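*Asks:* Fold the following and give me the result.
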Amino acid sequence: MTNEGPQVGDEVQGSLVVGPEHFASVIVDGTPDVFSTPSLGALVEKTAAEWLHGFVESGQTSVGAQITINHTAATPEGKRVTVTVRVEEAEAPRYEFSWTAADEAEGVGNGTHTRFVVDEARFLSRVDRKR
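*Replies:* Just a heads-up that it's a prediction; the model follows:
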């Protein structure tokens, strides 16, 4: 990690416009064509990871270890979902985040996310041993 790493209270936002590839019906047949819980989790993870990667040193990456998703409202196609991810604990190599999500009409979710900064080559070596 660089000397000026993430600090408690730092926030970052990410967003997307809901399209058919994000629908719950893609995951489970017969469910509505609305923003899925897995897509919400992916948006949270993408937002936190891309931001955290701005702090890691060459040869490092971050990996998600846990995510808690409270998906509280549905979002239809064409609406923007925005997540705000906040650093709650910054004790390298572990970073704890809280997050909230909203669409253009209301809050749609909240939860937590944990990431670890790891040596990328060592991580990939462990993955390769499973092949």
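*Asks:* Which neighbouring elements make contact with the one helix or strand D128 maps to?
*Replies:* D128 belongs to helix 120-129 when assigned by DSSP states H and E. Judged by 3 or more Cβ pairs under 8 Å, 6 or more residues apart in numbering; DSSP states H and E, helix 120-129 is in contact with strand 60-71. For the C-beta atoms, the positions are set from N, CA and C on the backbone; glycine is no exception.
*Asks:* Now do the buried residues in the strand it packs on.
*Replies:* Residues of strand 60-71 classed as buried by neighbour count (16 or more other Cβ atoms under 10 Å): Q60, T61, S62, G64, I67, I69, H71.
*Asks:* and if you look at stretch 8-16?
*Replies:* Applying 16+ other Cβ under 10 Å to stretch 8-16 flags D10, V12, G14, L16 as buried.
*Asks:* All the helices of this protein, in order from the start?
*Replies:* 24-27, 37-52, 120-129 (DSSP state H).
*Asks:* can you list the residues that contact the second one?
*Replies:* Read that as helix 37-52. Residues from elsewhere that reach helix 37-52 (Cβ atoms under 8 Å, 6 or more residues apart in numbering): 6, 12-16, 18, 22, 24, 27, 62, 64, 67, 69, 71, 81, 83, 85, 95, 97, 99, 101, 108-109, 111, 113, 115, 117.
*Asks:* 7 Å instead, please
*Replies:* 6, 12, 14, 16, 22, 27, 62, 64, 67, 69, 71, 81, 83, 85, 95, 97, 99, 101, 109, 113, 115 (Cβ atoms under 7 Å, 6 or more residues apart in numbering).
*Asks:* Quick check: mean pLDDT of stretch 11-20?
*Replies:* In this model, stretch 11-20 has an average pLDDT of 98.
*Asks:* And for stretch 94-103?
*Replies:* Stretch 94-103 comes out at a mean pLDDT of 98.
*Asks:* Distance of A73 relative to A102?
*Replies:* 9 Å (Cβ to Cβ, to the nearest Å).
*Asks:* Can you check which residues contact both of the two?
*Replies:* Common neighbours of A73 and A102, using Cβ under 7 Å, 6+ apart, are V108.
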